[in-house]
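> test case, fold it:
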Amino acid sequence: MNIALTMRTLGVTILALTLSNIATANADLAKAKNCMACHTVDSKLVGPAFKDVAKKYAGDKTAEAKLVTKVMKGGSGTWGTMPMPANTQVNDAEAKLLVKWVLSLK
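So this is what the prediction gives:
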């Protein structure tokens with residue numbers, strides 16, 4: 001077998017596993033930070049489904065910063081009358097990870 005092809009295949013496999021682990025890690029972080037008390041990935045609960053958030057903000061270059069602020073400080077009016085409370089248990093780095101994960105969902 002061609003060594004270049006083998007190395008390329010190995011690289012793609014490692015990348016796929018890494019991305020899979022990142023997605024799982026961020027889902028785990030969402031559970032650990034109680035995001036899943038109000039949200040699910042696929043359907044509305046108290047708040048919108050994470051996939052619906054990703055759809056709404058697709059192509060919005062300011063979405064990440066807006067959503068990080070919303071995760072940290074809370075907000076209301078975007079998805080109806082139910083306010084999203086501030087998440088004091090989430091630090092800035094965690095909020096960025098969570099938002100990147102949510103925005104990556106399809």
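> give me the below-cutoff pLDDT ranges for this structure.
Along the chain, the parts satisfying pLDDT under 70 run over 1-2, 4-25.
> how about a cut-off of 80?
Low-confidence segments of the chain (pLDDT under 80): 1-25.
> what kind of secondary structure is residue 102 in?
helix (DSSP: H, G, I helix; E, B strand; the rest coil).
> and for it, the neighbour number?
25 (other CB atoms under 10 Å). Glycine gets a C-beta too; all of them are placed from N, C-alpha and C.
> who are the neighbours in contact with it?
By CB atoms under 8 Å, 6 or more residues apart in numbering, the residues touching residue 102 are 50, 53, 54, 67.
> helices along this structure, start to end?
Using DSSP state H, the helices of the chain run over 3-32, 50-57, 63-73, 92-104.
> for the shortest one, packing partners?
Which is helix 50-57. For helix 50-57, the packing partners by 3 or more CB pairs under 8 Å, 6 or more residues apart in numbering; DSSP states H and E come out as helix 63-73, helix 92-104.
> out of the ones you listed, nearest to residue 85?
helix 63-73 (9.4 Å; CB to CB).
> could you list the buried residues of the closest one?
Judged by neighbour count using 16 or more other CB atoms under 10 Å, the buried positions of helix 63-73 are 63, 64, 67, 68, 70, 71, 72.
> now do stretch 29-44
30, 33, 35, 39, 40.
> need the max-distance pair from the residues you listed.
The span of the buried residues of stretch 29-44, defined through CB to CB, is set by 33 and 40 at 14.6 Å.
> which outside residues touch stretch 39-57?
For stretch 39-57, the surrounding residues in contact (CB under 8 Å, 6+ apart) are 27, 30, 37-38, 63, 66-67, 79, 82, 84, 102-106.
> between those, which sits nearest residue 3?
residue 104 (33.1 Å).
> what sits closest to that closest one if chain neighbours are left out?
Leaving out its chain neighbours, the residue that sits closest to residue 104 by CB to CB, 6 or more residues apart in numbering is residue 54, at 7.0 Å.
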